[in-house]
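Visitor: Give me the fold of what follows.
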Amino acid sequence: MLDSISIAKGLVQLGFTLAKDNVRAQKFTRHDLTHPVYVKTASQRGKPMYRMPLVLHPALQGSVLPVVRDKVNFNSNWNNSNLVEFPKAVNKNGKFQHYGFALDVVDHEMLRRIISSLQANIPPVESEANSSYETEIEALYQARRGQGTFREKLLKYWQHTCSVSAISLSGILKASHIKPWSESDDTERLDLYNGLLLNPTLDALFDKGLISFSNDGGLLHGKALEEQLGALGINETMRLKRIEEKHLKYLSWHRANVFVG
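Guide: Predicted coordinates:
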């Protein structure tokens, strides 16, 4: 059976993002699914949970049971106050509390089939994981948690402030890869110089190739943004606050392959 940590990593591989890391329940979301998915967590951080660690919306029980019936244990009424998007029912203490459908998961293939039962066209999990595949899942999981090595290094390098703007609310700043994760090798994915710490607006524009940066750090923008710069809080004098030679190969790659100009 998969423990809670293995399930969390598997969800990330299936395109989920960790939206909230609560005590006893981590909330994962994906843009094409109506309901979030929860994973139980132990009171002691970093310890796995083994008993029915996956928690789904109760309304999904009918579509999931045919996938797992007679193979795993499940609980149709697992109560937890963190399941705020889920309905409430009277718990054993006579109080109304949020509840979900909790179940065991045998392996990553079953996890894929469970998620596929919620929404079609989910990319499959590879059955034979090599070391590169395991590295990707582990690091991606950590990065999306916002507590990974990559984000921590960027926060320290940029002193908890956006690489371009004056925004220093580190909780909203995005650890943005210059050369996208999917195009990078294992070393590049965790390379400090393949990252920028950007506010949400700049991060979205950078990711879509609507902005980039020159080798001296100056902000470049595509023609599509010319009439929107003011509305987006961007001006043409913006630039990276610091830039080193090790950034240049990644910036060059971004301009050549992502930036739409």
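Visitor: what comes into contact with the helix or strand containing Lys249?
Guide: Under the criterion of DSSP states H and E, Lys249 resides in helix 245-257. Identification of contacts with helix 245-257 by Cβ atoms under 8 Å, 6 or more residues apart in numbering yields 178-179, 183, 188, 191, 193-194, 206, 209, 212-215, 220, 240. All C-beta spots, glycine's among them, are computed from the backbone N, C-alpha and C.
Visitor: which of the residues in stretch 29-45 are buried?
Guide: Going by neighbour count (16 or more other Cβ atoms under 10 Å), the buried part of stretch 29-45 is 30, 33, 35-42.
Visitor: what's the helix or strand for the residue nearest to Lys27 when sequence neighbours are not counted?
Guide: The spatial neighbour of Lys27 that comes closest, neighbours along the chain excluded (Cβ to Cβ, 6 or more residues apart in numbering), is Lys20 at 4.1 Å. Here Lys20, judged by DSSP H and E, is contained in strand 17-21.
Visitor: quick one: strands adjacent to that strand?
Guide: strand 25-29 (antiparallel) (DSSP bridges).
Visitor: List of residues touching the following helix or strand past the partner strand?
Guide: Remark: after strand 25-29, the chain's next helix or strand is strand 37-40, criterion DSSP H and E. For strand 37-40, contacts defined as Cβ under 8 Å, 6+ apart pick out 4, 7-8, 11, 16, 24-30, 49, 51-56, 80, 82-83, 100, 102, 115.
Visitor: Selecting buried members of these in ChimeraX, what would you type?
Guide: Per 16+ other Cβ under 10 Å, the buried members of these correspond to this ChimeraX selection:
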select :4,7,8,11,16,25,26,27,28,30,49,52,53,54,55,56,80,82,83,100,102,115
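Visitor: Give me the subset of the contacts of strand 37-40 that lies in helices.
Guide: Counting by DSSP state H, the part of these found in helices is 4, 7-8, 11, 115.
Visitor: low pLDDT regions in the stretch 1-150 of the chain?
Guide: Counting by pLDDT under 70, the stretch 1-150 of the chain shows low-confidence ranges at 91, 119-148.
Visitor: go again using 80 as the cut-off
Guide: In the predicted model, the stretch 1-150 of the chain carries pLDDT under 80 at residues 23, 43-46, 69-70, 89-96, 119-149.
Visitor: Many thanks, I have nothing further to ask.
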